[in-house]
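Novice: what follows is a predicted structure for the sequence shown.
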There are 4 protein chains.
Amino acid sequence: MKAGIVGANGYSGIELIRLLLNHPQIKLEMLISHSTNGENIQDIYPHLTGVIEKTLEDFDADELADRTDVVFFATPAGVSKDLLPECLKRGLICIDLSGDFRLNEAQEYTDWYHNQPADPTLLNDAIYGLAEINRKQIEGARFIANPGCYPTATLLGLAPVLTHDFIDLNSIIIDGKSGVSGSGKKAITGNLFSEVNENVKAYKLGQHQHTPEIEQTIAQISGEKHPITFTTHLVPMTRGLMCTIYATLDQGFSTRELLDHYEKFYEKSPFVRIRPLGTWPSTKEVLGSNFCDIGLNVDGRTRRLTIISVIDNVVKGAAGQAVQNLNIIKGWDEQTGLSFTPIYP
Amino acid sequence: MKAGIVGANGYSGIELIRLLLNHPQIKLEMLISHSTNGENIQDIYPHLTGVIEKTLEDFDADELADRTDVVFFATPAGVSKDLLPECLKRGLICIDLSGDFRLNEAQEYTDWYHNQPADPTLLNDAIYGLAEINRKQIEGARFIANPGCYPTATLLGLAPVLTHDFIDLNSIIIDGKSGVSGSGKKAITGNLFSEVNENVKAYKLGQHQHTPEIEQTIAQISGEKHPITFTTHLVPMTRGLMCTIYATLDQGFSTRELLDHYEKFYEKSPFVRIRPLGTWPSTKEVLGSNFCDIGLNVDGRTRRLTIISVIDNVVKGAAGQAVQNLNIIKGWDEQTGLSFTPIYP
Amino acid sequence: MKAGIVGANGYSGIELIRLLLNHPQIKLEMLISHSTNGENIQDIYPHLTGVIEKTLEDFDADELADRTDVVFFATPAGVSKDLLPECLKRGLICIDLSGDFRLNEAQEYTDWYHNQPADPTLLNDAIYGLAEINRKQIEGARFIANPGCYPTATLLGLAPVLTHDFIDLNSIIIDGKSGVSGSGKKAITGNLFSEVNENVKAYKLGQHQHTPEIEQTIAQISGEKHPITFTTHLVPMTRGLMCTIYATLDQGFSTRELLDHYEKFYEKSPFVRIRPLGTWPSTKEVLGSNFCDIGLNVDGRTRRLTIISVIDNVVKGAAGQAVQNLNIIKGWDEQTGLSFTPIYP
Amino acid sequence: MKAGIVGANGYSGIELIRLLLNHPQIKLEMLISHSTNGENIQDIYPHLTGVIEKTLEDFDADELADRTDVVFFATPAGVSKDLLPECLKRGLICIDLSGDFRLNEAQEYTDWYHNQPADPTLLNDAIYGLAEINRKQIEGARFIANPGCYPTATLLGLAPVLTHDFIDLNSIIIDGKSGVSGSGKKAITGNLFSEVNENVKAYKLGQHQHTPEIEQTIAQISGEKHPITFTTHLVPMTRGLMCTIYATLDQGFSTRELLDHYEKFYEKSPFVRIRPLGTWPSTKEVLGSNFCDIGLNVDGRTRRLTIISVIDNVVKGAAGQAVQNLNIIKGWDEQTGLSFTPIYP
């Protein structure tokens, strides 16, 4: 199967290159980048020297339709909404890593992204590619909205208690911590080493664009719509994302009981790993891999559940989950091309 | 005034050296370290070359009483409970940076520190040195239990809403992020660069020994005792601590109104800085200084208040607040010797 | 083919696990660790959860001979010198990642390692596993002394000018910079995050134990023995090693001419990548991979050549080169199981 | 005395603010920034909240002459060459932190900075402010070209052997390692956290603009002009700079003898600290201070001297040395306002 990457020049784009080069069913055919078209990818990213020889090309839907079967959009918000429909109508499988097709309501996109939404008639065509939860809908799909990094960690952490109605939906608080690669390769002051290093920074309080995406999926799983509190922090590392999730339990479960429940819930999900009682995952333990690791703690004094959920934001939070979705679409083993052991230390 | 430091060899100890060398009223007379006694401090810490020439001495209460007026205990948990009473009975001003005298109930110490508590009759003699809140009791005191780093950031962040009964005391959740210096100079695997770098790690969920300290002070300020949820995280930086604090508001305050309230509450506290609407502090913005910077956000959708409170854990969270307490005890200007501009970048 | 790892608990050991799990010809059979024998590897390294289930075992040469075909020694200096001969005499292929068998002269080991050397009769049996240079001797060998991290980067950087006598052998100066993982998982103060972060530190000037290893191989390649100047620095990163190598050219080569010479010299070495004129590699560009990237600059004003050579110290500088050596021994494609694209960013 | 800072918005500019606020003889009167004029400095740098209240102003030489006595130029290359002469002719003391007036030969500036040089008639008026070496010329001067960061560390490291003709001037090799703050607050891809973190990068081989500055001063001290080899590396830290300097000794000195010589050479220079035999400084040991720490090693086998010289690039390598120069100009104690103990850890 032949693949193209639109936005091959960004961090999610080059991670897709790393993953797809390792995929036995995929031939990487086209690398698309508007801003650097005509350049050789290894001149921009010397780590790809001898690994892949490709010239970046400009976007051309006909060309993509001629030469590829699946197109990944690793583009900033506001780009795929215009380009992806062109590929879709030419029969290509489209997997969008941006937020353009994740929200069902166009108005929510406008409110949180402060930008023009995609064609509303297309919004409901996109399957939300949270692989562990939506496997059935993803099988055979042609159009995937790949989840955001924070929603992935949050929703995988919450799903087992949402589906079983174990928590007070009004009590959900998500405290997110992310490495800087999550904000991409933009040359802005706030992403400079001297500004980020030896620093923890809270940002976009009450305004993060992943908020409606999380709320929408919580509503779909639980059947009820409730606002959440979601706070994001930038921590001085490149890759890695942790969501510390707080919720009040409806009943007096022990940590042990919930761990068993989580183990069972994810027993057919090879990328979700539940940590033993009294231990919690750290972000480095999934670095470079498609794993989402989850640990739990119930505080009997407050009847509050704390969930620690970690991913590599560039893999499970972006490129890895995109490839996982393609595997599910095609009926391949979900782990095909994704069996990376985390790099440690 | 002559000062001695017990535990001069640890990170809080050497920070006390830095601060006291800059203090116009203090002569640093004795550096005490049991493990390295007899060594020159600059052989252990070459950054002190030419700054201070002192041989580390073993603890001797009589010697301290002869040569000093005030003793700072920058010792690990479980040490000052035995040594400090010896200095106290010899008439020295004692400022304890460890947790040995912070909790009023000996049983709580046993429960959370898993260690023998100090003599219960002494526990109530120690004034809890949260300078901005307990100034009156600190003035003229001789025995200070200097607050922990997480409690300092948390309680300064919460005090203005606690004193005015603005929040539901059952709703308090504290998500703490700390640099590694907070766990001292212990050579343990978990503190190695290769383990900490490019990593965020949650630890001691539901078991952190600062929990009862925070709860005790919340109860003292608000008049009611409630359990909190408190989660701590290690982030890959040396200095700096942030507490992201969540609480449900009893009334429909706006962020603007609460910011005004905080400004007024701290108008006579030069070390607390309130950030303007829509901005929040980051840890680097207080690095090397005694500031505690606070930012707020009210989410109208959930009526939840989020408080961002940051300190340099080694300064305001330890050595700096200890010196501030001495200033208050002696009636000196609170900022004496502490007017450090944060180092940026 | 079945493999065992002695010292599986250290950083080189777990990297061998990552690489061998990815190797199509290898079954990882035994993980040996004296200090943690009886524990499950995933309890010590949670990143291996679901990736490998193995109990660490104590060293037993008979057991190894029964169950494995090749044994990797990822042990600290001074361990394999006693254990490896036991495996060798039982017919196992032995690959030693430590320095115990790299030096031909026992006295040099004593002088630089300050420790008892291995049995001198065995020292000449070990093939020095610098794969790109010693391929012929490695083919079919049973006993490999895997090169040190600094020697690997240095010697691959120098080999093309050494074999052709292009430089003054008395002029060689090597300025090495390494991440902290190079010093292993030892819980010592000097490796603590708070000591390493935001710091560059020179260490062991004139005394680094890799000095005689570099000098010995330079002498073997060039035919002449000369002392080098070798200075090592610790930089605040986990993985990655750069050697900046200075040497005076005997003749007036241009950078362009030397680059062509290097390209040709390494044309059959898939893991060595030569950078184009005017560009030089950085350590991150090889992270997680077995590449050694090299860039050159000739300063016409001083007739001095500067060589920049980078590796991932845990891969090409340790575990990766060990696997590469096994591939060569067995006549497999040199890249088998080692085709990792560097992780970027 | 009243001071103005041109370029107050950059990293050297805000460091000057930190230092001058601590200076008992200086009142900080004007902060000049063309790009952010009209803004409040604390809105751009919240760490200055409550520390200084000042609106940034546009450059106006008359205004500066009216309101200040000394002007610091913390501007990028190519700016002060036009602005500074305006201040000079109005009788202001001018201290230029940029490279515009450091080179005596206009042609060298053109060759290495690839930019228009300053008025050649002014180049010889500027006193090169390497405080420890040029104290006599600096006393009473009105126009200082403050040295670059690499030249400061290099020249202080070399001066004692240059003045006494102890080394072969053709043998000097300087391997520099710098934190990222050295390249300022420019929002360029190469300075992004994701690109710099976990990375060591060599840059500008044979082309660094500090090369002619170092060569010119070596020639002034030694009386002979020789080209040097100078290689610079970016390491993943914010502040700190180390130069590892290699030179062949003309005579067979021991490390001990040279250390004594260095101690004596710098006995009246409070900011230079010589490390004891067998120890070498690390960059963190001078962080936030104006110290330059130096360690030595003679390798008897090669008769080569290795000098390790470290500074905080933003203090001794920029703002701190500028203030030190003002102290010398005015005849104040050289340490006035500069007695910062390094921040550790």
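Specialist: Received, thanks. On a predicted model such as this, the values are computed, not experimentally measured, just so you know.

Novice: below-threshold pLDDT in chain A: ranges please.
Specialist: Filtered on pLDDT under 70, chain A yields no residues whatsoever.

Novice: please enumerate the strands of it.
Specialist: A:2-6, A:27-32, A:70-73, A:93-96, A:127-128, A:143-145, A:173-178, A:201-203, A:229-234, A:241-248, A:272-274, A:292-299, A:304-311 (DSSP state E).

Novice: output those as a markdown table; include the columns mean neighbour count and distance to chain D.
Specialist: C-beta here means a position set from N, CA and C on the backbone, and glycine is covered the same way. Formatted as a markdown table, these follow (neighbours: other C-beta atoms under 10 Å in any protein chain shown; distance: least, C-beta to the nearest C-beta, whole Å):
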| stretch | mean neighbour count | distance to chain D |
| --- | --- | --- |
| strand A:2-6 | 26 | 19 |
| strand A:27-32 | 21 | 18 |
| strand A:70-73 | 28 | 20 |
| strand A:93-96 | 27 | 23 |
| strand A:127-128 | 22 | 27 |
| strand A:143-145 | 26 | 25 |
| strand A:173-178 | 26 | 12 |
| strand A:201-203 | 21 | 11 |
| strand A:229-234 | 24 | 9 |
| strand A:241-248 | 26 | 14 |
| strand A:272-274 | 24 | 24 |
| strand A:292-299 | 26 | 21 |
| strand A:304-311 | 28 | 17 |
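
Novice: how does chain A divide into domains?
Specialist: A:2-147+A:316-330, A:150-313 (automatic domain parsing).

Novice: returning to that earlier point: for residue D:40, which of the strands of chain A is the nearest?
Specialist: strand A:201-203 (20.3 Å; C-beta to C-beta).

Novice: packing partners for that closest one?
Specialist: Under the contact criterion of 3 or more C-beta pairs under 8 Å, 6 or more residues apart in numbering or on different chains; DSSP states H and E, strand A:201-203 touches strand A:229-234.

Novice: does the strand it packs on reach chain C?
Specialist: No. Contact of strand A:229-234 with chain C (C-beta under 8 Å from any C-beta of the partner chain) is absent, the minimum separation being 14.9 Å.

Novice: contact residues of chain A facing chain C?
Specialist: Selection of chain A residues close to chain C by C-beta under 8 Å from any C-beta yields A:11, A:14, A:17-18, A:21-22, A:45-51, A:181, A:185, A:197-198, A:238-239, A:270, A:273, A:275, A:279, A:281, A:284-289, A:291, A:293, A:339, A:341-345.

Novice: cutoff 7 Å now
Specialist: Residues of chain A found near chain C (C-beta under 7 Å from any C-beta of the partner chain) are A:11, A:14, A:18, A:21, A:45-47, A:49-51, A:181, A:198, A:238, A:273, A:275, A:279, A:281, A:285, A:288, A:341-345.

Novice: out of the residues you listed, which end up buried?
Specialist: Buried members of those, counted by 16 or more other C-beta atoms under 10 Å in any protein chain shown: A:11, A:14, A:18, A:21, A:45-47, A:49, A:51, A:181, A:198, A:238, A:273, A:275, A:281, A:285, A:288, A:341-345.

Novice: which of those come close to chain B?
Specialist: Checking these against chain B (C-beta under 7 Å from any C-beta), the matches are A:198, A:238, A:345.

Novice: from these, pick the one nearest residue D:61.
Specialist: Nearest member of these to residue D:61, counting by C-beta to C-beta, is residue A:198, at 38.0 Å.

Novice: that older thread, so which of the strands of chain A gets nearest residue D:264?
Specialist: strand A:201-203 (48.1 Å).

Novice: roughly how far out does that closest one sit from the chain middle?
Specialist: Relative to its parent chain, strand A:201-203 has a centroid offset of 20 Å by C-alpha atoms, centre = their mean, to the nearest Å.

Novice: anything in the longest helix anywhere in chain A near chain B?
Specialist: Counting by DSSP state H, the longest helix found in chain A is helix A:149-162. No. Using C-beta under 7 Å from any C-beta, helix A:149-162 stays clear of chain B, with a minimum separation of 11.6 Å.

Novice: wait, doesn't residue A:123 sit right on residue A:106?
Specialist: Yes. Judged on C-beta atoms under 7 Å, residue A:123 makes contact with residue A:106 at a distance of 6.4 Å.

Novice: neighbour count for these two, which is higher?
Specialist: Per other C-beta atoms under 10 Å in any protein chain shown, whichever of residue A:123 and residue A:106 has more neighbours is residue A:123, with 20 against 16.

Novice: tell me which residues touch that one, please.
Specialist: For residue A:123, the contact set (C-beta atoms under 7 Å, 6 or more residues apart in numbering or on different chains) comprises A:101, A:103, A:104, A:106.

Novice: just the buried members of the residues you listed?
Specialist: A:101, A:103, A:104, A:106.

Novice: which non-adjacent residue is nearest the second one?
Specialist: Distances taken as C-beta to C-beta, 6 or more residues apart in numbering or on different chains put residue A:109 closest to residue A:103, at 5.0 Å, once the chain neighbours are dropped.

Novice: so the one you found touches residue A:117, yeah?
Specialist: Yes. If you go by C-beta under 7 Å, residue A:109 and residue A:117 touch, sitting 3.9 Å apart.

Novice: which one of those two is surrounded by more residues?
Specialist: residue A:109 (27 against 20).

Novice: quick one on the thing from earlier: in helices, which of the buried ones among the contacts of residue A:123 fall?
Specialist: Using DSSP H, those in helices are residue A:106.

Novice: one step back: dump the strands of chain A to CSV, plus distance to residue C:333.
Specialist: As requested, the strands of chain A are exported to CSV (distance: least, C-beta to C-beta, whole Å):
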stretch, distance to residue C:333
strand A:2-6, 25
strand A:27-32, 20
strand A:70-73, 29
strand A:93-96, 33
strand A:127-128, 40
strand A:143-145, 36
strand A:173-178, 39
strand A:201-203, 47
strand A:229-234, 43
strand A:241-248, 37
strand A:272-274, 33
strand A:292-299, 34
strand A:304-311, 34
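
Novice: for residue D:30, find the nearest of those strands.
Specialist: Nearest of the strands of chain A (C-beta to C-beta): strand A:201-203, 30.4 Å.

Novice: which residues does the closest residue to residue A:23 other than its chain neighbours contact?
Specialist: Distances taken as C-beta to C-beta, 6+ apart place residue A:337 nearest to residue A:23, at 3.2 Å, with adjacent residues excluded. Neighbouring residues of residue A:337 by C-beta under 7 Å, 6+ apart: A:19, A:22, A:23, A:24, A:323.

Novice: contacts only, for the residue lying closest to residue A:93 once chain neighbours are set aside.
Specialist: Excluding its sequence neighbours, the residue lying closest to residue A:93 (C-beta to C-beta, 6+ apart) is residue A:70, at 4.1 Å. Applying C-beta under 7 Å, 6+ apart to residue A:70 gives the contacts A:1, A:3, A:92, A:93, A:95, A:326.

Novice: what about residue A:70, distance to residue A:329?
Specialist: Going from residue A:70 to residue A:329 by C-beta to C-beta, to the nearest Å gives 8 Å.

Novice: quickly list what's touching both of those two.
Specialist: Both residue A:70 and residue A:329 are contacted by residue A:93, under the criterion C-beta under 7 Å, 6+ apart.
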